[in-house]
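Peer 1: need a structure here:
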Amino acid sequence: MKHLETIRRGTVCRAPTILFMVVVLLVLAVPVAAQSDTPAKPVTADDVNAIARQMYCPVCENIPLDVCSTAACAQWRDEIRIQLEQGRTEQEIKNDFVGRYGDRVVGTPQDPTLRALSLVTPWVIAALVVLLTAVMLVRWWRGRHLVPATAGGASVPADDDYRARLEQDLQARR
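Peer 2: Modelled structure (predicted):
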């Protein structure tokens, strides 16, 4: 009889523990069930190329990652696919590549100040070249139409003495 009594006590003591464990497992199972209700959208080649189009090949010069056929570019596209499957955003993926390989990967600096300088500088240089060309053309045009006048009102070149002596020498030879 004592044996039955210890079994009952053990069962009674185990029952709250088992009940507690079942409740804990059910509570932990709810988030898992919620995750399985939303199936993940498969990553397509278009998704990968949308990001790869904004990046450049690490081997070739100025060739976008989406059209390059080198093995390194194929590995990078696979890495982009893996990161997209992990749920990373486009900017997170680009930041990861920039952090590992530098600004050359995306073609423009990621620092806002350097980006502004790299995008504005060519336009400023082009404007200065156009302005300088215009100033030089105006000076050339004005200089062409300015001819020094003599006392009689006729125009004579600046090297009048030299020309007069040259003409005298030519007259003397004849």
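
Peer 1: what's the neighbour count on Pro174?
Peer 2: In this structure residue 174 is Arg, not Pro. For Arg174, the count of nearby residues is 4 (other C-beta atoms under 10 Å). For glycine as for every other residue, the C-beta is placed from the backbone atoms N, C-alpha and C.

Peer 1: again, but for Arg165
Peer 2: Arg165 has 10 neighbours, counted by other C-beta under 10 Å.

Peer 1: helix or strand: which one has it?
Peer 2: Using DSSP states H and E, Arg165 sits within helix 160-173.

Peer 1: for this protein, which segments count as helices?
Peer 2: 2-37, 45-52, 71-85, 90-101, 112-145, 160-173 (DSSP state H).

Peer 1: and the second one, which residues are buried?
Peer 2: Applying a neighbour-count criterion of 16 or more other C-beta atoms under 10 Å, one finds 47-49, 51-52 buried in helix 45-52.

Peer 1: so it versus helix 71-85, what angle?
Peer 2: Angle, helix 45-52 to helix 71-85, by axes from the mean of the first three to the mean of the last three C-alpha atoms, to 10 degrees: 110 degrees.

Peer 1: same deal with the last one?
Peer 2: Using the same axes, to 10 degrees, the interaxial angle of helix 160-173 with respect to helix 71-85 works out to 150 degrees.

Peer 1: how distant is helix 160-173 from the center of its chain?
Peer 2: The chain centroid and the centroid of helix 160-173 are separated by 70 Å under C-alpha atoms, centre = their mean, to the nearest Å.

Peer 1: adding pLDDT and distance to Arg77, write the buried residues of helix 45-52 out as TSV.
Peer 2: Below are these laid out as TSV (pLDDT from 0 to 100; distance: C-beta to C-beta, whole Å):
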residue	pLDDT	distance to Arg77
Asp47	90	11
Val48	91	5
Asn49	90	8
Ile51	91	9
Ala52	90	6
